[in-house]
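Participant: Turn this into a model:
(one chain, ligands or ions: 1)
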Amino acid sequence: MGMFIEISVRDKEFLRTAAARALVDACPVEIFEPVDRRVRVNKDQEDECTLCGRCLEIAGDRIEIIKHYD
Ligand code: SF4
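Facilitator: Below is the predicted model:
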């Protein structure tokens, strides 16, 4: 898990959809990775998040980016 940033997926079923697979290409720092027929968040990569918002454009409120800093 990231020390500074956490990518929280509110709707786990979403990770099995084609839209979720679009996250793999959309994220510039490879936080989303395909595993079998779903997508998972690479927890080792969370702190690399640039807060670009591309994943939120795809997933809307099904994903939340939580900052553990002020
Ligand atoms: S905000 Fe950008 S860098 Fe962060 S997880 Fe989403 S797509 Fe990746």
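
Participant: Can you pull the residues of this protein lying near the ligand?
Facilitator: Within the chain, the residues that sit near the ligand (C-beta under 6 Å from any ligand atom) are 7, 26-29, 31, 49-55, 65. From N, CA and C alone the C-beta is placed, and that goes for glycine too.

Participant: and E33, what pLDDT?
Facilitator: pLDDT, E33: 98.

Participant: Same question for the one 3 residues further on.
Facilitator: In the prediction, the pLDDT value recorded for D36 is 94.

Participant: same thing with L56?
Facilitator: 98.

Participant: residues contacting it?
Facilitator: For L56, the contacting residues are I63, I65, by C-beta atoms under 8 Å, 6 or more residues apart in numbering.

Participant: ok, now how distant is it from R37?
Facilitator: 23 Å (C-beta to C-beta, to the nearest Å).

Participant: go on, V9?
Facilitator: According to C-beta to C-beta, V9 stands 16 Å off from R37.

Participant: between the two, who's got more neighbours?
Facilitator: Remark: of V9 and R37, V9 carries more neighbours, 19 against 8, as counted by other C-beta atoms under 10 Å.

Participant: how about the nearest residue to that one, chain neighbours excluded?
Facilitator: I63 (5.6 Å; C-beta to C-beta, 6 or more residues apart in numbering).

Participant: Run through the residues that contact that neighbour.
Facilitator: I7, S8, V9, R10, F14, C55, L56.

Participant: Show the model's pLDDT score for it.
Facilitator: For I63, pLDDT reads 96.

Participant: before we move on, what about C52?
Facilitator: 98.

Participant: from memory it sits against I58, does it?
Facilitator: No. Look at C52 against I58 with C-beta atoms under 8 Å: they stay out of range, at 11.7 Å.
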